[in-house]
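Student: what would the 3D arrangement of this be:
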Amino acid sequence: MTPDEIDRMRPRLVEFAARMLDGLPRSDQRAKGELYVRGLLTDGARKSMQPMAERLGVDHQGLQQFITSSTWDYQRVRASVSGWAVDAIGPDAYVVDDTGFPKDGKASPCVARQYSGTLGKTGNCQIGVSVQMATDQASLAANWRLFCPASWDDATIDDPAAAEQVRRRRARASIPDDVRHREKWRLALDMLDEMTETWDLPKRPVVGDSGYGDATLFRLGLDERGFTYVLQVDPTATAHPAEARPVTRPYHGRGRPPVPGYPDPPSTLRELALAAGRHACRRLTWRTGTKKTTDNPTAAMRAHFLAIRIRPANRNIPRAKNGSLPDAWLIAEWPPDEPEPVKYWLSNMSVHTPLKTLVRLAKIRWRIEHDYRELKHALGLDHFEGRSYTGWHRHVTLTVLAQAFCTLL
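Tutor: Reported below is the predicted structural model:
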């Protein structure tokens, strides 16, 4: 926003920030929080502390102290903003994803050479894992964790000298002792637990790309917690047809009695979709876009999909006493001009769930790419230059507050 626009919106921003920052114990902290959010909203190429302070006409050391060393709980702020979003946008789903923050040096907390979708390759970066509350009309990047690579966890290193170097590095970045290397999907489960159990948010279907959908333990973790999901998966994953039944081989009185098992090996999801055939597809419109054309004057988002019941097969999936595996939906997008489907999803939603609902949830991930773009390019999500673990999470939290204010407007 321009300075003039900020001035006009300032009363609404002050009121909104006061509500969201109400859990901060001191009035000066709440004032600094509103100031920081105002800096994020104001036009400028960089949203790091010094450029923001110059545009705001304040001493940047005050902002730095508020972010890095002041005593306030960023999780309480996230809980307040997320509670507001439940009523304001009525989220249809929680979308789990991660994004990269490219870095030049080695001092930023949890920076390492690792794959980043932002870069499209392996590079020196931080990775932030997020859970976003989304509808097709609005979304909020509600919760975040900074991914801790194994190279930042001394408990994973056998060499005592190398482990001591990592401990010193962690101390310089003020990384709490309980922050350890955990897979990104485990961080997503941690955040969903926090949102529904601590923040008391309602459970919603969970959506994610194949980085999460291919993790069988993530899907099982959602099942155990009572979450439904629609998760993208790789077509090489395996499953049995829904109608397949385990059989028990005859026992001849020698050795351990046989247990029930499927007589045929599992097929890949690709093979199952091809066996169902193109004739099983339906043409669906799942939402209205913004690009109208002569051929599509309503900007309807349409494609061809099939949905069949299958039984995902993996050694980690518990079987019933009769040896059967639980059934699930396999959803596949199959364009008419393609010889085979181009995308696949698994879902544990009810057998009575309409295909349009499954597709709409599968496709709702587009909001997250929109969010990452807006958060980074407009609000400075990736502009934090501090070297504090807590500072990173506070900066991200106030960026989310700024995003919420934009959504309010």
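
Student: from residue 213, how far out is the residue most central in space within the chain?
Tutor: Nearest to the mean C-alpha position of the chain, by CA atoms, centre = their mean, lies residue 96 at 2.0 Å. Remark: distance between residue 96 and residue 213 (CB to CB, to the nearest Å) = 10 Å. All C-beta spots, glycine's among them, are computed from the backbone N, C-alpha and C.

Student: same check, this time on residue 3
Tutor: Taken as CB to CB, the span from residue 3 to residue 213 is 45 Å.

Student: of those two, which one has the most company?
Tutor: residue 213 (25 against 11; other CB atoms under 10 Å).

Student: how much space separates the nearest residue to that one once chain neighbours are set aside from residue 53?
Tutor: Of all residues not flanking residue 213 in the chain, residue 231 sits nearest, at 3.1 Å (CB to CB, 6 or more residues apart in numbering). Distance of residue 231 to residue 53, computed by CB to CB: 43 Å.

Student: do residue 350 as well
Tutor: 53 Å.

Student: before we move on, which element is the residue nearest to residue 213 in?
Tutor: strand 229-233 (DSSP states H and E).

Student: contacts for that strand?
Tutor: Applying CB atoms under 8 Å, 6 or more residues apart in numbering, the contact partners of strand 229-233 are 93, 205-210, 212-214, 218-219, 222, 269, 331, 343-349, 358, 361-362, 365.

Student: of the residues you listed, which belong to strands?
Tutor: 93, 206, 207, 208, 331, 343, 344, 345, 346, 347 (DSSP state E).

Student: neighbour-wise, which one of the residues you listed leads?
Tutor: residue 208 (30 neighbours).

Student: show me what contacts that one?
Tutor: So residue 208 contacts 95, 96, 97, 188, 229, 231, 232, 365 (CB under 8 Å, 6+ apart).

Student: any idea how far residue 346 is from the nearest residue to residue 341 once chain neighbours are set aside?
Tutor: Distances taken as CB to CB, 6+ apart put residue 332 closest to residue 341, at 3.8 Å, once the chain neighbours are dropped. According to CB to CB, residue 332 and residue 346 sit 10 Å apart.

Student: check residue 97 too.
Tutor: Residue 97 is 17 Å from residue 346, by CB to CB.

Student: and what of residue 49?
Tutor: Residue 49 sits 43 Å away from residue 346, going by CB to CB.

Student: kindly report the same for residue 181.
Tutor: Relative to residue 346, and taking CB to CB, residue 181 is found at 27 Å.

Student: repeat that for residue 258.
Tutor: 29 Å.

Student: equivalent analysis for residue 153, please.
Tutor: In terms of CB to CB, residue 153 sits 31 Å off from residue 346.

Student: residue boundaries of the helices in the stretch 1-150 of the chain?
Tutor: 3-20, 27-41, 49-56, 60-68, 74-89 (DSSP state H, counting those that start in this stretch).

Student: what's the last one packed up against?
Tutor: When you say that, I think you mean helix 74-89. Packed against helix 74-89 by the contact rule (3 or more CB pairs under 8 Å, 6 or more residues apart in numbering; DSSP states H and E) you find helix 3-20, strand 121-134, strand 139-146, helix 389-408.

Student: in contact with residue 72, which residues?
Tutor: So residue 72 contacts 24, 25, 29, 33, 394 (CB under 8 Å, 6+ apart).

Student: ok, now with 6 Å
Tutor: Counting by CB atoms under 6 Å, 6 or more residues apart in numbering, residue 72 touches 24, 29.

Student: report pLDDT for it.
Tutor: Residue 72 is assigned a pLDDT of 94 by the prediction.

Student: same check, this time on residue 116
Tutor: Among the per-residue scores, residue 116 holds a pLDDT of 89.

Student: residue 257 too?
Tutor: 81.

Student: in a helix, that's where it is, yeah?
Tutor: No. Assigned with DSSP: H, G, I helix; E, B strand; the rest coil, residue 257 falls outside any helix and is coil.

Student: quick one: the helices in the stretch 301-409 of the chain?
Tutor: Under DSSP H, counting those that start in this stretch, the stretch 301-409 of the chain gives helices at 355-363, 366-377, 389-408.

Student: between the ones you listed, which one is closest to residue 106.
Tutor: For these, the distance to residue 106 is smallest for helix 389-408, at 14.7 Å, taking CB to CB.

Student: ok, residues contacting that closest one?
Tutor: With CB under 6 Å, 6+ apart as the test, helix 389-408 has contacts from 16, 20, 36-37, 40-41, 67-68, 74, 77-78, 81, 109, 138, 140-141, 144, 146, 173-175, 375, 379, 381, 384.

Student: good, wrapping up.
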